[in-house]
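Engineer: Sequence and computational prediction follow.
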Amino acid sequence: VKDKTMSRVIEKIVENREQDEGMGARVRRSIGGSQLRNLDPFLLLDEFKVKKPAGFPDHPHRGFETVTYMISGSFRHEDFCGHKGVINSGDLQWMTAGRGILHCEMPEGEELGHGLQLWVNLAKKDKMVKPAYQELLDKDIPRTTSDGVTVKIIAGESFGVKSPVYTRTPTMYLDFTMEKGSTLTQVVPDGWNGFVYVLSGSAMFGPGDKAKLGPAHHTLVLGPGNTLEVKNNSDGVCRFVLIAGKPNNEPIVQYGPFVMNEQHEIQEAINDYRSARNGFENASKWQSSAVK
Ligand SMILES: Nc1ccc(F)c(C(=O)c2c[nH]c3ncc(Cl)cc23)c1F
Ligand SMILES: [Fe+3]
């Protein structure tokens, strides 16, 4: 029997206002704020705008992945194992912190660093994996255009084009730019939790007369179904990201940058970080060059 198409209706719309975060950074917090605590498997989505000397100096992560996607400007990153580099406009860093990363993330150069950071929770079986990086330059991120709709496929598939990114927690991450008057129908796998974060412009999200307006700097949580319909009947271009993932359906215990399943694992993470053990060995003597 052909799979029934069920168009997802928007079930919640939240405006995301700027707030302070890190050291002098300004972020709009989509997922992870008080109104959208988390949407399993997602823990956080921040739209950040950071200018020197602000940034995110030396800090750890355990139990999840951070996905940094630059919209404009450049960010320098450096970790306690010597892995470092610059993420430029349009580039992607998919970092699997796993059992432990200590790194810093700071704007590079004098211009404003503007981007998105998504935190994807790892299933219990993956939380203590060896750290790993998947880093793509803008030119290497697949994209396609069809009838006024351009999509960069950061993870997952759209218009028959697949991203090379391996997602331990099955995840879709699509960056859409829709010309005015264009329409879109995108598969969002049944049973996955999904949301839209509107970067600029506005469009109508959802089926026919149930479509809801999604203005810039708003998060739209998708209801059940397996398809998202979008229509840009505004007088300009609309840019948004569509992010969806398979829920882990496991308990979440979070303490800042440590996200585990049980309280005692958080205590172990804190102890490991303090005593430089079990993945945090290099934390004992490392400081980023940004700090010195
Ligand atoms: N624990 C904790 C506490 C506070 C933080 F700010 C952070 C953190 O690093 C970030 C929060 N959003 C961000 N967007 C972009 C970038 Cl590059 C980093 C972050 C963090 F990890
Ligand atoms: Fe970080």
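Structural biologist: Nice, thanks for sending it over. Given the structure is predicted, the values throughout are model-derived calculations rather than measurements. Ligands and ions are numbered 1, 2, ... in the order given.
Engineer: In what element of secondary structure is the residue nearest the centre of the chain found?
Structural biologist: Nearest to the mean C-alpha position of the chain, counting by C-alpha atoms, centre = their mean, stands Leu118 at 2.2 Å. When elements are assigned from DSSP states H and E, Leu118 belongs to strand 113-121.
Engineer: List the buried residues for the helix or strand where Thr144 lies?
Structural biologist: Applying DSSP H and E as the criterion places Thr144 in strand 143-146. Residues Arg143 are the ones in strand 143-146 that count as buried (16 or more other C-beta atoms under 10 Å). Every C-beta, even on glycine, is put in place using the N, C-alpha and C of the backbone.
Engineer: Return the residues of the protein in contact with ligand 1.
Structural biologist: With C-beta under 6 Å from any ligand atom as the criterion, the chain meets ligand 1 at residues 21-22, 27, 46, 48, 56, 59, 68, 75, 105, 117, 256-257.
Engineer: make it 5 Å
Structural biologist: Where the chain comes near ligand 1, counting by C-beta under 5 Å from any ligand atom, the residues are Glu21, Gly22, Asp46, Phe48, Phe56, His59, Glu105, Gln117, Gly256, Pro257.
Engineer: Spatially nearest residue to the fourth one (excluding sequence neighbours)?
Structural biologist: Think Phe48. When the adjacent residues along the chain are set aside, Phe48 lies closest to Val27, with 4.7 Å between them (C-beta to C-beta, 6 or more residues apart in numbering).
Engineer: that older thread, can you pick out the ones from the residues of the chain next to ligand 1 that are in strands?
Structural biologist: When the residues of the chain next to ligand 1 are checked against strands (DSSP state E), the matches are Glu21, Asp46, Phe48, Phe56, His59, Glu105, Gln117.
Engineer: related to what we said a few turns ago, elements contacting the strand holding Thr144?
Structural biologist: Of the remaining helices and strands, those touching strand 143-146 by 3 or more C-beta pairs under 8 Å, 6 or more residues apart in numbering; DSSP states H and E are strand 149-155.
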